[in-house]
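In: Output the structure for:
(chains A and B)
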Number of protein chains: 2
Amino acid sequence: MEKGLLEGVIVLDLGRVLACPYCGMLLADMGATVIKVENPKGGDDTRKMGPFINDNSVYFANFNRSKLGVSLNLKDPKAKELFLDMVKKADVVIENYRPGTMEKLGLGYETLREVNPGIIYGSVSGFGHTGPLSRRAGYDIVGQAMGGLMSTTGWPDGPATRSGTPLGDVLGGLNLAVGVLAALVNKQRTGLGEKVDVALVDSVASAMENITMIYQATGRVPQRIGNRYESTYPYDSFPALDGDVIVAAGNNKLFGILCDVMGKPELKTDPRFAEVKDRVANHEQVRELVSAWTKSHTIEEVDRLLNSAGCPASPVNTIDRMVKDPQIAGARGMFPEIDQPGIGKLAVTATAQKLTRTKSCPRKPAPGLGEDNERIYGQWLGRSEEELKELKACGAI
Amino acid sequence: MEKGLLEGVIVLDLGRVLACPYCGMLLADMGATVIKVENPKGGDDTRKMGPFINDNSVYFANFNRSKLGVSLNLKDPKAKELFLDMVKKADVVIENYRPGTMEKLGLGYETLREVNPGIIYGSVSGFGHTGPLSRRAGYDIVGQAMGGLMSTTGWPDGPATRSGTPLGDVLGGLNLAVGVLAALVNKQRTGLGEKVDVALVDSVASAMENITMIYQATGRVPQRIGNRYESTYPYDSFPALDGDVIVAAGNNKLFGILCDVMGKPELKTDPRFAEVKDRVANHEQVRELVSAWTKSHTIEEVDRLLNSAGCPASPVNTIDRMVKDPQIAGARGMFPEIDQPGIGKLAVTATAQKLTRTKSCPRKPAPGLGEDNERIYGQWLGRSEEELKELKACGAI
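Out: Numbers count the residues shown, from 1 in each chain, chains lettered A, B, ... in the order given. As a prediction, the model looks like this:
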């Protein structure tokens, strides 16, 4: 097994579907012992979500590789005992129940802190644990809509548009990981735990960066502007002979290179395009000039001519091209294979942390429902075979 | 000053523009001592990017609050000495130079590790430090395009569309923070450092989640599908009397609630809509049924009727509504004020980590260029006033 940065860190992952399991996956790929806790009646919803291979969910397999798995009915008093016994020995609990649910189960942060003052409690929910909308269920699309992302994605004459992947969930999972890891850094120094409360809506809002600052500074409400950016130009998609191509000449130096490659060095000293702010103000004129050039070249030509001169350009990759890209799939190893029982060899998606001394990588396939009950409840917590049989018979595990 | 989880952690932030400064901001808001290192000739590019208040960049202020600031010309031999002296005393160096640049300066990871074996070196770049495209400059839009996000964002009859905020950069910054913090956890146990190499393209690819799994499992290339999702339905935007509204009934229970609220309980047992996969397959029929109902209500009515019954729904917030939202701005405090010299009171965007024992929050305004030279080079490194004058005179600082 490759060494991992988080070896020795024990995480109880109560997550369902995406945001919380994504966080658990990040920690597990870096070597934490992540124990996925699922209800015994069917487990995580994503076990029933496609795509499927041989009736096994590939969705579930991707987000839960590298984890151990136990079944536990948190409404059962004996199951609660088991859970609290795990909390005593764990460093981190992460969950994405609706706020109030863990308290209703008698397993809120205050209770867990009593049994383990060093516990780090990480929660990701739609709206967070405070405020008038806290108790509302919140999902990815609600995060993208309420957080402002949809209103600024799309075209001036078109509808508000969501991003093509559940970025609310992904941003929530990443922000939860950031908070939990910072709390681990602190716990190792102080022995004290922390509650990390992350909302999908906040995570999207915090990703809106300069878009929000434009409103705060000027009172102007940023609108949908297609593929260009508010702060710099030309930094957009342009039509090539055989499809769309990106040209990203975001500062004076890169704009100079672009002008030279286009054979229009005189544009560099044109006062309409002198500084970034001038090119943003006159973006329609810049767009015409650049398009006139890209239209007479293929994607490959634009990509090669600009990049070899030092100006960023790239194709717009479809998913089939992306997963076969020599850089992304090849050199960066972003699609490693796991051997998933019931599925066979399956290419999952790696995390973005490429390390030198240690590795972030899939460490085992995703667990079957309750696969590690004996290992965790028996060997780790010391419950007897007889006790486990009883717990199973009464539906606690 | 509020306590922070990362108090005592020293970070040298060589970042420019967005991805790396965003990571530095996350660490600084949680209490790390983050020293922003800028070239003495103008500093970070974003100092010249809008929006501006009194000629001061609000873009720069937002991403660099909570940090100290020094000026340093890394091409100058005396400046390199200063830098290596800081590296000796620091825990973390983060940078987003083009791969190879730090090595060319004689300040690559191997060199830094020689002066401080425990140093954590975090890099975020367009394509990462390995592979055929490594040396290419890469920017947000290239990440969104190459990583597959643009090809799946937008409408079936429309063009590939970027997300309305630089999500490639934000995802890169978050992934860098995750890697750096995991390395800090490990360093505290082992004394050893790590190199964390994050690419914008990989960060987007790793966020594509089930979209990529659909291709891996079935060979089908996911296309732009507007605001619905591949894995569940109805989970989409719908037309209300006065604009668009989100309805997110992603599982059987929530679909049941929606049917009841619409006054169509018979749909719950309709075999066309029995399971998630049936509703995904027949999403056009579901859309017609739900639209017929939403069209006869206002956004506020749909929001209230569904949420009070337990089914997620929300408005699509524009930026002006988002920054005044009682939940986001009020209860969650996502837009705290700093007092920025040259600007005055300025509402910046908070991070998404809401903590209990400690705080993640802006700790000071963004630094002027070289503002903390005397504090860092003089008091911390022990350079004399005379030496500092010479360093300034020769352009090293």
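
In: going forward, measure contacts and count neighbours with C-alpha atoms only.
Out: Noted.

In: for chain A, longest helix please?
Out: The helix that spans the most residues within chain A, counting by DSSP state H, is helix A:167-190.

In: do it and chain B meet?
Out: Yes. Where contact is defined by Cα under 8 Å from any Cα of the partner chain, part of helix A:167-190 touches chain B, namely A:167, A:170-171, A:174-179, A:181-186, A:188.

In: ok, now which ones touch residue A:160?
Out: Residues touching residue A:160, when contacts are defined by Cα atoms under 8 Å, 6 or more residues apart in numbering or on different chains, comprise A:150-154, A:224, B:316.

In: do the same with residue A:294
Out: A:238-241, A:302.

In: quick one: which of those residues is nearest to residue B:321?
Out: Relative to residue B:321, the closest of the contacts of residue A:294 is residue A:238; by Cα to Cα it sits at 32.2 Å.

In: in chain A, which helix or strand is least confident?
Out: Least confident element among the helices and strands of chain A, by mean pLDDT, DSSP states H and E: strand A:243-248 (a mean of 90).

In: Run through the neighbouring helices and strands of that strand.
Out: Applying 3 or more Cα pairs under 8 Å, 6 or more residues apart in numbering or on different chains; DSSP states H and E, one finds that strand A:243-248 makes contact with strand A:235-240, helix A:299-309, strand A:313-315, helix B:140-146.

In: partners of it, with directions?
Out: Strands flanking strand A:243-248 in the sheet, each with its direction: strand A:235-240 (antiparallel), strand A:313-315 (antiparallel) (DSSP bridges).

In: Just give me how far the shortest one sits from the chain centre.
Out: Centroid separation for strand A:313-315 versus its chain: 24 Å, with Cα atoms, centre = their mean, to the nearest Å.

In: and the next helix-or-strand element following it, is it in reach of chain B?
Out: Reading on from strand A:313-315 to the C-terminus, the next helix or strand found by DSSP states H and E is helix A:319-322. Yes. Under the criterion of Cα under 8 Å from any Cα, helix A:319-322 makes contact with chain B via A:319-320, A:322.

In: top of those by neighbour count?
Out: When the residues of helix A:319-322 next to chain B are compared by neighbour count (other Cα atoms under 10 Å in any protein chain shown), residue A:319 ends up highest, at 28 neighbours.

In: Look up the pLDDT of the nearest residue to residue A:181 once chain neighbours are set aside for me, please.
Out: Ranked by Cα to Cα, 6 or more residues apart in numbering or on different chains and with sequence neighbours excluded, the top spatial neighbour of residue A:181 is residue B:181, at 5.7 Å. For residue B:181, the model assigns a pLDDT of 98.

In: One more: residue A:230?
Out: pLDDT for residue A:230: 78.

In: Three-state assignment for residue A:156, please.
Out: coil (DSSP: H, G, I helix; E, B strand; the rest coil).

In: mind putting the contacts of residue A:160 in TSV, neighbour count and secondary structure included?
Out: Conversion of the contacts of residue A:160 to TSV gives the following (neighbours: other Cα atoms under 10 Å in any protein chain shown; DSSP: H, G, I helix; E, B strand; the rest coil):
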residue	neighbour count	secondary structure
A:150	27	helix
A:151	22	helix
A:152	28	helix
A:153	27	coil
A:154	30	coil
A:224	23	coil
B:316	27	coil
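
In: Looking at the residues you listed, which is nearest residue A:334?
Out: Of all these, residue A:153 has the smallest distance to residue A:334: 26.8 Å, by Cα to Cα.

In: For the stretch 1-150 of chain A, which residues are neighbours of chain B?
Out: By Cα under 8 Å from any Cα, the part of the stretch 1-150 of chain A that sits against chain B consists of A:5-6, A:30, A:49-53, A:58-59, A:62, A:127-128, A:130-133, A:136-139, A:141-142, A:145-150.

In: now the contacts of residue A:294: which count as buried?
Out: Neighbour-count burial within the contacts of residue A:294 applies to A:238-240, A:302; the criterion is 16 or more other Cα atoms under 10 Å in any protein chain shown.

In: With respect to residue B:306, which of those residues is nearest?
Out: Where those are concerned, and distances follow Cα to Cα, residue B:306 has its nearest neighbour in residue A:238, at 42.2 Å.

In: contacting residues for that closest one?
Out: Residues touching residue A:238, when contacts are defined by Cα under 8 Å, 6+ apart, comprise A:244-247, A:290-291, A:294.

In: again, 7 Å this time
Out: If you count contacts by Cα atoms under 7 Å, 6 or more residues apart in numbering or on different chains, residue A:238 has them with A:244-246, A:291, A:294.

In: which residues does it bridge with?
Out: Under the criterion used here (DSSP bridges), residue A:238 is bridged to residue A:245.

In: Distance check, it against residue A:296.
Out: Computed as Cα to Cα, to the nearest Å, the residue A:238 to residue A:296 distance reads 11 Å.

In: Give me the phi and psi for the residue nearest to residue A:275 when sequence neighbours are not counted.
Out: Residue nearest to residue A:275 in three dimensions, not counting chain neighbours: residue A:252, with 6.6 Å by Cα to Cα, 6+ apart. Torsion angles at residue A:252 (phi, psi; degrees, to the nearest 10) stand at phi -60, psi -40.

In: Give me the neighbour count for residue A:252.
Out: Neighbours of residue A:252 under the rule other Cα under 10 Å: 16.

In: And it, how far from chain B?
Out: Per Cα to the nearest Cα, to the nearest Å, residue A:252 is found 10 Å from chain B.

In: what's the nearest residue to the spatially most central residue of chain A if we skip its chain neighbours?
Out: By Cα atoms, centre = their mean, the mean C-alpha position of chain A lies nearest to residue A:170, the distance being 2.7 Å. With sequence-adjacent residues excluded and distances taken as Cα to Cα, 6+ apart, residue A:170 is closest to residue A:19, at 5.8 Å.

In: distance of the one you found from residue A:217?
Out: With distances defined as Cα to Cα, the gap from residue A:19 to residue A:217 amounts to 32 Å.

In: Comparing the two, which residue is more hemmed in?
Out: For residue A:19 versus residue A:217, neighbours defined as other Cα under 10 Å are more numerous around residue A:19 (30 against 19).

In: hang on, that one packs against residue A:173?
Out: Yes. Applying Cα atoms under 7 Å as the test, residue A:19 and residue A:173 come out as touching, 4.5 Å apart.

In: What ranges does the stretch 1-150 of chain A have for its strands?
Out: Secondary structure of the stretch 1-150 of chain A by DSSP state E, counting those that start in this stretch: the strands cover A:10-13, A:33-38, A:52-53, A:56-57, A:68-71, A:92-95, A:120-125.

In: what does the stretch 201-350 of chain A put close to chain B?
Out: A:202-203, A:206-208, A:210-214, A:216-217, A:221-222, A:226-227, A:231, A:246, A:307, A:312-320, A:322, A:327-328, A:331-332, A:347-350 (Cα under 7 Å from any Cα of the partner chain).

In: would JSON lines of the contacts of residue A:294 with distance to residue A:86 and pLDDT be doable?
Out: Compiled in JSON lines, the contacts of residue A:294 are given as follows (distance: Cα to Cα, whole Å; pLDDT from 0 to 100):
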{"residue": "A:238", "distance to residue A:86": "55", "pLDDT": "93"}
{"residue": "A:239", "distance to residue A:86": "57", "pLDDT": "89"}
{"residue": "A:240", "distance to residue A:86": "58", "pLDDT": "91"}
{"residue": "A:241", "distance to residue A:86": "60", "pLDDT": "91"}
{"residue": "A:302", "distance to residue A:86": "57", "pLDDT": "96"}
